[in-house]
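J.: turn this into a model:
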Amino acid sequence: GEGQLGEVEGKIYRDWQIIDEIPHEARLERYGLDYGYTNDPTAIVAVYKYNGGFIWDEVTYQKGLSNKQIADILSNQPPALVVADSAEPKSNDELLLYGINVLPAQKGQGSVNHGIQVVQDQRISVTKRSVNIIKEYRNYLWMTDRDGKVLNTPEDTWNHAMDAGRYAMETLNIDV
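T.: Coordinates of the predicted model:
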């Protein structure tokens, strides 16, 4: 269609911008961390506030990382609070022992959809070097039933960086 990329039907997030780099005036707010290891990657997303919106920047997206390696990656970034998957309290405790300022993400009934709503209500930009965030953004979809009707439940694929960014943003004081 005239050289333009279309939007996939059932896509969760829409209208994000891809930018060249993080502007100097942008302020680092949080890191989001979604643990992975064998089958799934560990995703770390830096979230910046800029000009009334937010910028997501991929820090890492890699399988096979130990908690020590995750702590080393975060230690080499500008300091900010890390909001990590609460399903891994032992990993979060270990990161604390390594000196990482980590807080568990809030989870519970309806928390995924609530977090998606928080993110959807913001203007989001992504740095062009964040290739895995961009790939997930383009492929993160709502489930559909057998008749093709879109359901209000996200598919459990293409969501590692999406979850990490959502964890970070849910703890910010955002007016929604």
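
J.: alpha carbons only for contacts and neighbour counts from here, please
T.: Will do.

J.: how far is the helix or strand that residue 114 is a member of from where the chain is centred?
T.: Per DSSP states H and E: residue 114 is located in helix 111-120. Mean-position distance between helix 111-120 and its chain equals 11 Å (CA atoms, centre = their mean, to the nearest Å).

J.: output that helix as PDB, nothing but the C-alphas.
T.: The C-alpha trace of helix 111-120 is given here as PDB (Å, rounded to 0.1, in the frame of the first residue of the first chain):
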ATOM      1  CA  SER A 111      -3.500  -6.400  36.100                       C
ATOM      2  CA  VAL A 112      -2.300  -7.200  32.600                       C
ATOM      3  CA  ASN A 113      -5.300  -5.400  31.000                       C
ATOM      4  CA  HIS A 114      -5.000  -2.500  33.400                       C
ATOM      5  CA  GLY A 115      -1.300  -2.100  32.600                       C
ATOM      6  CA  ILE A 116      -2.000  -2.300  28.900                       C
ATOM      7  CA  GLN A 117      -4.600   0.500  29.300                       C
ATOM      8  CA  VAL A 118      -2.000   2.600  31.200                       C
ATOM      9  CA  VAL A 119       0.500   2.200  28.300                       C
ATOM     10  CA  GLN A 120      -2.200   2.700  25.600                       C
END
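
J.: give the pairing partners of the following helix or strand past that helix; include direction for each.
T.: Per DSSP H and E, the first helix or strand lying C-terminal to helix 111-120 is strand 124-127. Partners of strand 124-127 in the sheet, by DSSP bridges, are strand 17-19 (parallel), strand 53-62 (parallel).

J.: list the contacts for the residue most central in space within the chain?
T.: Compute the mean C-alpha point of the chain, and by CA atoms, centre = their mean the closest residue is residue 165, 2.1 Å away. Counting by CA atoms under 8 Å, 6 or more residues apart in numbering, residue 165 touches 31-33, 44-47, 56.

J.: could these go into JSON lines alongside secondary structure and distance to residue 135?
T.: Shown next, in JSON lines, are those (DSSP: H, G, I helix; E, B strand; the rest coil; distance: CA to CA, whole Å):
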{"residue": "31", "secondary structure": "strand", "distance to residue 135": "19"}
{"residue": "32", "secondary structure": "strand", "distance to residue 135": "17"}
{"residue": "33", "secondary structure": "strand", "distance to residue 135": "17"}
{"residue": "44", "secondary structure": "strand", "distance to residue 135": "15"}
{"residue": "45", "secondary structure": "strand", "distance to residue 135": "14"}
{"residue": "46", "secondary structure": "strand", "distance to residue 135": "17"}
{"residue": "47", "secondary structure": "strand", "distance to residue 135": "17"}
{"residue": "56", "secondary structure": "strand", "distance to residue 135": "13"}
